[in-house]
Structure formats: C-alpha cells, structure tokens
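>>> Provide a 3D model corresponding to the input given below.
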Amino acid sequence: MKLPDSLRDQLKIPLGILLPDSQADKNGIQKYLSDGSYVITVGDRTTEKMTDFGLIPSLQIVDGQEKREKRIAPKLENATELTVDNPAAEITPASISIIKKAFTLESPVRLFVNGEEDLLVLPACVHAPENTVVLYGQPNEGLVIVDVTAEIRNKVQTLLDLME
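Next comes the predicted model:
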C-alpha cells in the first residue's frame, strides 16, 4: 500500500496525546502506561528514549535512521530480532505479516526495517493486542502516546483503507 499525497496532511495529526519534548521524561511517559501495558515504540529516537528510562518496549520498530539521517540503532539485549523491507511512504504486506508475528513472540521483540518505519504505526495500532500503548515521535514537536482502543483501531483502519 502506498501513501497517497491526499493523506499526508492527515497523517501529520497525532493519533493520540502529543507530549511536548519538555514533558517527555520518564515520569511524564509513565503516567500514560498501566501495569501490564503492551508497549510499542516506532522510531529509533523514541525507542532509545524509552530504553534509556529503563522502560523496555514490548515491540520496537526501528530503521537505523532519525529524520532521514543514518544512526546507530539503540542497544538491546535479549530480544528477538526480526527484519523486514518496507520502502518509504509504503506499508508492505510483509510488514503487516511480521508485525502480526511479533505479537505472538515473547517480548521484547525488535523489528528492524530496511527502508522506513514511520507508517508502520498504522498496522501496529490495528493489530495490537488489548491494553497496548503505541509511542512514536512527532518531528520537532514531541512524543505521541496512543492508547489503542476500538475507536483508534477503526480510525486507523479507515486511513489504511484510503491507501492505494
């Protein structure tokens, strides 16, 4: 599925709460996580921030880049590692399948994307288990925290249905 230009502006609107960078510290983030939350991070910086706080995400989706610049992926020990190809501005069927597979594996799981991981927030929200919180960066603004509810799943599925 490719991202049509008509959806680009809509996808710039945060799916959840936008926590400004100044408030995206450990305490600020923990307010939105409950015990037993399945936490998904999308993005290298977001994943690194969480692991630096000692909050190890259940599923980490990274691509070794930040704002289109190469970077070293955050360190991670004792995780199952998966890899998938996903070009920029696309969501491949393989990406959806591997995200679904990740939910069946013991946490933590790291999914390394060859290409770009940004849009994988969408299938992650749709297919996530109950009690999931998804975190991703909003460039130059802060951290988006999405409590995955039936309403969010429906909204995101509608966006996916609009992709070509």
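>>> show me where the chain has its strands.
Counting by DSSP state E, the chain has strands at residues 17-20, 38-42, 59-62, 65-66, 69-70, 80-86, 109-115, 132-138, 142-147.
>>> which of those sits most buried?
strand 59-62 (a mean of 28; mean count of other C-beta atoms under 10 Å). Glycine gets a C-beta too; all of them are placed from N, C-alpha and C.
>>> and that one, which strands flank it?
The strands that strand 59-62 pairs with in its sheet are strand 38-42 (parallel), strand 109-115 (parallel) (by DSSP bridges).
>>> nearest to residue 140, out of these?
In terms of C-beta to C-beta, the element of the strands paired with strand 59-62 nearest to residue 140 is strand 38-42, at 16.7 Å.
>>> now what about that closest one, what contacts it?
Here strand 38-42 makes contact (C-beta atoms under 8 Å, 6 or more residues apart in numbering) with 33, 47, 50, 55, 57-61, 107, 117-118, 120-121, 124, 128-136.
>>> export the strands paired with strand 59-62 as CSV, with columns for distance to residue 11.
Formatted as CSV, those follow (distance: least, C-beta to C-beta, whole Å):
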stretch, distance to residue 11
strand 38-42, 13
strand 109-115, 17
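>>> output those as a markdown table; include the columns mean pLDDT.
Listed next are those as a markdown table, based on pLDDT from 0 to 100:
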| stretch | mean pLDDT |
| --- | --- |
| strand 38-42 | 98 |
| strand 109-115 | 96 |
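>>> of all those strands, which lies closest to residue 26?
Nearest to residue 26, of all these, is strand 38-42, at 13.1 Å by C-beta to C-beta.
>>> which residue ranges form the helices in this protein?
For the chain, the helices defined by DSSP state H cover 5-11, 26-30, 44-52, 93-102, 121-127, 150-162.
>>> quick one, which of these is packed in tightest?
The highest average neighbour count among the helices of the chain, using mean count of other C-beta under 10 Å, belongs to helix 121-127 at a mean of 23.
>>> which strands and helices lie in contact with that one?
Where contact means 3 or more C-beta pairs under 8 Å, 6 or more residues apart in numbering; DSSP states H and E, helix 121-127 is packed against strand 38-42, helix 93-102, strand 132-138, helix 150-162.
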